[in-house]
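**Q** Predicted model and sequence follow; I will ask about them next.
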Amino acid sequence: MDYYVYIMCSRSSTLYIGVTNNLLRRVREHKNRVFKGFTSRYNIDRLVYFEETDDITVAIAREKQLKTWRRDKKIALIESANPQWKDLSLDLLDNDSIGTVSQKPVIIRRIPFWK
């Protein structure tokens, strides 16, 4: 099974870092504000970065690591792979209907095994 550590943002560049085993489903949930909380309150609906691994413990450790980083370091990470801050979910989801899978995610980065 694949696991994803992802960074989403709002139009005002408020950042959110999460981990999931289904990136497409999770992006849909953010875009549709399925859950009340931080992401719905701050309109966080743009996928700007993600990494993939097949090890959930590595994914959780990476999520925790990224959450400890200063904002400028998180921004540098995003811009190293996505300099225009493009909404990567547009490539993952069919433009006609949020939630219709058009293709498997293109991997931005495989998570290195930092143990």
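**A** Alright, I've got the coordinates.

**Q** Just give the number of residues close to the nearest residue to Ile78 once chain neighbours are set aside.
**A** Spatially, and ignoring its direct neighbours in sequence, Ile78 is nearest to Tyr49 (4.7 Å; C-beta to C-beta, 6 or more residues apart in numbering). Glycine gets a C-beta too; all of them are placed from N, C-alpha and C. When neighbours are counted by other C-beta atoms under 10 Å, Tyr49 registers 23.

**Q** which residues are contacting the strand or helix carrying Tyr49?
**A** Secondary structure from DSSP states H and E places Tyr49 in strand 46-53. For strand 46-53, contacts defined as C-beta atoms under 8 Å, 6 or more residues apart in numbering pick out 2-11, 23, 27, 30, 59, 62, 77-78, 81-82, 85-89, 92, 105, 107-111.

**Q** Which elements pack onto the strand or helix carrying Ile17?
**A** When elements are assigned from DSSP H and E, Ile17 belongs to strand 15-20. Using 3 or more C-beta pairs under 8 Å, 6 or more residues apart in numbering; DSSP states H and E, the elements in contact with strand 15-20 are strand 3-9, helix 23-31, helix 56-68, helix 71-81.

**Q** thinking again about what came up before, what's opposite the residue nearest to Ile78 in the beta bridge?
**A** Taking DSSP bridges, one finds Ile7 as the beta-bridge partners of Tyr49.

**Q** hey, which helix or strand in this structure has the poorest pLDDT?
**A** For the chain, counting by mean pLDDT, DSSP states H and E, strand 109-110 ranks last in confidence among helices and strands (a mean of 56).

**Q** Ala59 contacts Val19, correct?
**A** Yes. Applying C-beta atoms under 8 Å, one finds Ala59 in contact with Val19, separated by 5.0 Å.

**Q** if I look at these two, which residues touch both of them?
**A** Residues within reach of Ala59 and of Val19 at once, by C-beta under 8 Å, 6+ apart, are 3-5.

**Q** Alpha carbons only: can I get the strand holding Ile17 in PDB?
**A** Below are the C-alpha coordinates for strand 15-20, written out as PDB (Å, rounded to 0.1, in the frame of the first residue of the first chain):
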ATOM      1  CA  LEU A  15       0.000  25.700   5.000                       C
ATOM      2  CA  TYR A  16      -1.400  22.300   6.100                       C
ATOM      3  CA  ILE A  17       0.700  19.100   6.300                       C
ATOM      4  CA  GLY A  18      -1.000  15.700   6.500                       C
ATOM      5  CA  VAL A  19      -0.600  12.000   5.800                       C
ATOM      6  CA  THR A  20      -3.000   9.600   4.000                       C
END
